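Engineer: sequence unknown, structure follows:
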RNA sequence: GUGCCUAUAGCUCAAUUGGCAGAGCACUCGGUUGUGGUCCGAGCGGUUACCGGUUCAAGCCCGGUUAGGCACCCCA
């Protein structure tokens, strides 16, 4: 190693290393297949957007925009931002490319890196990956139910069992103000009893009080006005139907009157899917001598995997026609971590080589190179280690790759135009003419 | 942004409490002509995260920085 100092990755940003790639690939394949089955088409949007896009959509007073957004000024003076989420970008692309005149609903899905300047911890990174769906132009409750169902389907498809779907309705511009007023009044009258933080929240962002975990505050919640009682007829009807659809598909939902989301653009339905929290007692009771297990930290239980909702005002807010929309996003890093915690299997990679080419001497090495390509063209992936000269070392690699056969070409074989075919399990070898080697190997791999 | 904990070889961890920097795994190469796994041997790998302080002497004590973990805030 050189004496130069090694440059580290930026805080909160990580490499996705080869051992993790199968998980990522698996998730990608699962969701892209599912989305396409449901008629969603993929869209990729730039990682950089005008900062204003997020100020206007997510909301200036939200934590995401206020404290977590990577913004900077270009030389020309434009305020840009690394996208903290993708819904706003998709809406921007939808409008900019005139998709509002496409036959509706317009159903889109995406996958890519997002950026939030937050304090890194388990399941939370400054650069992380999300995928998600956005469906435009369908205001029916069925659309809400469908996207929620898709989220459940893919999670179950990955093997997750103990899922909790929390759902709520936060009304719309018509009924939300009344609720917020009543809600605010309620807590103002009980200001003294609230925890210090909630007293602050009362001034800045009242709804956030609902997130408080203090027991004192939670006690007060029990009597607080609930969204559901303030929904106007339209909103109430919409939400009721969403629930009916969820009943129909037997989704394991849980009405959560305290569920609000950190983005301003939501209207009506909001939901989250998380893993059931394991009781802390179970962790404490774990045997201390079981070293293997205690190292595995169940970081992902209780962590939200999927979150979304309806945002009927957003398209209009960003300068487009009034267009209903609904969608959600999922965090890939969290999914991968959760899959590992629950030991969820992924299918074995098909890219493992089936055979290995070992060679001795330059002449044989040249033959080997040609042979490798011939096998590749015939759909047989071969491993090689052309840089190694000793047969011993090459067989060691072959063994590690767990191949069925190793083809050995020495100087003699190269001249004779033959190949030694060694079956690794038994160690039995046979000499085969180079001519028919592809067919011979194909035949043996089949049996 | 706040609080607590942590940092020794690529990985998992030792170092008798301040006295020569170590092991296992992994990796590379050997163990008599051109044959893997098991076994045996050797090699590679470190300015103990970084900067400073105390001391005859610091991986160990003290201060700072950086990074990681956890919790809060919030969130995918």
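Structural biologist: Structure received. Since the model is a prediction, treat every value here as computed from it, not as a measurement.

Engineer: pick out the residue in the stretch 301-447 of chain A sitting closest to RNA strand B.
Structural biologist: Per C-beta to the nearest atom of the strand, the residue of the stretch 301-447 of chain A with the smallest distance to RNA strand B is residue A:410, at 2.4 Å. The C-beta positions use only the backbone N, C-alpha and C, and glycine is treated the same way.

Engineer: my bad, the stretch 51-200 of chain A
Structural biologist: residue A:122 (2.2 Å).

Engineer: show me the shaky parts of chain A.
Structural biologist: In the predicted model of chain A, residues A:1-5, A:213, A:277-301 satisfy pLDDT under 70.

Engineer: domain-wise, how is it divided?
Structural biologist: Following automatic domain parsing, chain A resolves into domains at A:18-175+A:231-341, A:355-446.

Engineer: got the end-to-end distance for the first one?
Structural biologist: Across its full length, domain A:18-175+A:231-341 reaches 19 Å end to end, with C-alpha to C-alpha, to the nearest Å as the criterion.

Engineer: ok, residue A:158 - contacts?
Structural biologist: Neighbouring residues of residue A:158 by C-beta atoms under 8 Å, 6 or more residues apart in numbering: A:26-27, A:30, A:335, A:339, A:344.

Engineer: so which of those is the most crowded?
Structural biologist: In terms of neighbour count, residue A:335 stands highest of the contacts of residue A:158 at 27 neighbours, by other C-beta atoms under 10 Å.

Engineer: did I read that right, residue A:272 in a strand?
Structural biologist: Yes - according to DSSP: H, G, I helix; E, B strand; the rest coil, residue A:272 belongs to a strand.

Engineer: pretty sure it sits against residue A:304.
Structural biologist: Yes - between residue A:272 and residue A:304 there is a contact under C-beta atoms under 8 Å: 5.0 Å.

Engineer: report how many residues lie close to residue A:374.
Structural biologist: Neighbours of residue A:374 (other C-beta under 10 Å): 14.

Engineer: now residue A:342
Structural biologist: 16.

Engineer: which strand or helix spans the residue of chain A at minimum distance from RNA strand B?
Structural biologist: Nearest to RNA strand B in chain A, going by C-beta to the nearest atom of the strand, is residue A:262, at a distance of 1.3 Å. Counting by DSSP states H and E, no helix or strand carries residue A:262.

Engineer: now do the same contact list for it.
Structural biologist: A:62-64.

Engineer: what residues does the stretch 201-350 of chain A put near RNA strand B?
Structural biologist: Counting by C-beta under 7 Å from any atom of the strand, the positions of the stretch 201-350 of chain A adjacent to RNA strand B are A:201, A:208, A:211-213, A:261-263, A:272, A:295, A:297, A:299, A:303-307, A:329-331, A:333-334.

Engineer: which among those count as buried?
Structural biologist: A:201, A:208, A:212, A:261-263, A:272, A:299, A:303, A:305-307, A:329-331, A:333-334 (16 or more other C-beta atoms under 10 Å).

Engineer: quick one: which of these sit in strands?
Structural biologist: Counting by DSSP state E, the part of those found in strands is A:272, A:305-307, A:329-331.

Engineer: will you turn those residues into CSV that also has distance to residue A:172?
Structural biologist: Output for those, formatted as CSV (distance: C-beta to C-beta, whole Å):
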residue, distance to residue A:172
A:272, 20
A:305, 27
A:306, 23
A:307, 19
A:329, 21
A:330, 25
A:331, 27
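
Engineer: now do the contacts for the residue nearest the centre of chain A.
Structural biologist: For chain A, residue A:332 is the residue whose C-alpha lies nearest the centre (C-alpha atoms, centre = their mean; 2.3 Å). The contact partners of residue A:332, by C-beta under 8 Å, 6+ apart, come to A:24, A:27, A:111, A:128-131.

Engineer: what about stretch A:10-27, start to end distance?
Structural biologist: Termini of stretch A:10-27 sit 26 Å apart (C-alpha to C-alpha).

Engineer: surely residue A:52 is in a helix?
Structural biologist: Yes - according to three-state DSSP, residue A:52 belongs to a helix.

Engineer: my guess is it meets residue A:79, correct?
Structural biologist: Yes - contact criterion C-beta under 8 Å: residue A:52 and residue A:79 qualify, at 6.8 Å.

Engineer: now for the strand or helix carrying residue A:128, which elements pack on it?
Structural biologist: Using DSSP H and E, residue A:128 falls within strand A:127-136. Where contact means 3 or more C-beta pairs under 8 Å, 6 or more residues apart in numbering; DSSP states H and E, strand A:127-136 is packed against helix A:21-37, helix A:87-96, strand A:106-115, helix A:141-158, strand A:325-331, helix A:332-341.

Engineer: report how many residues lie close to residue A:85.
Structural biologist: 21.

Engineer: how close does it get to residue A:56?
Structural biologist: 13 Å (C-beta to C-beta, to the nearest Å).

Engineer: out of the domains of chain A, which is closest to residue A:10?
Structural biologist: Taking C-beta to C-beta, domain A:18-175+A:231-341 is the member of the domains of chain A nearest to residue A:10, at 7.2 Å.

Engineer: burial measure for residue A:356, as a count.
Structural biologist: So residue A:356, with other C-beta under 10 Å, has 25 neighbours.

Engineer: I'd say it and residue A:406 touch.
Structural biologist: Yes - with contact defined as C-beta under 8 Å, residue A:356 and residue A:406 form a contacting pair (4.5 Å).

Engineer: which residues are common contacts for these two?
Structural biologist: Shared contacts of residue A:356 and residue A:406, defined by C-beta under 8 Å, 6+ apart, are found at A:394, A:398.

Engineer: Three-state assignment for residue A:393, please.
Structural biologist: helix.

Engineer: contacts only, for the closest residue to it other than its chain neighbours.
Structural biologist: Among residues not flanking residue A:393 along the chain, residue A:385 sits closest, at 7.3 Å (C-beta to C-beta, 6 or more residues apart in numbering). Residue A:385 makes contact with A:358, A:393-394, A:397, according to C-beta under 8 Å, 6+ apart.

Engineer: filter these down to the ones close to RNA strand B.
Structural biologist: Among the contacts of residue A:385, the residues lying close to RNA strand B (C-beta under 7 Å from any atom of the strand) are A:393, A:397.

Engineer: what residues does the stretch 1-150 of chain A put near RNA strand B?
Structural biologist: So the stretch 1-150 of chain A meets RNA strand B at A:1, A:3, A:8, A:11-12, A:62-64, A:67-68, A:85, A:116, A:118-125, A:128, A:130 (C-beta under 7 Å from any atom of the strand).

Engineer: returning to what we had before: quick check, the residue of the stretch 301-447 of chain A closest to RNA strand B in contact with residue A:364.
Structural biologist: Yes - contact criterion C-beta under 8 Å: residue A:410 and residue A:364 qualify, at 6.0 Å.

Engineer: tell me which residues in stretch A:46-53 are buried?
Structural biologist: For stretch A:46-53, using 16+ other C-beta under 10 Å, the buried residues are A:47-49, A:51, A:53.
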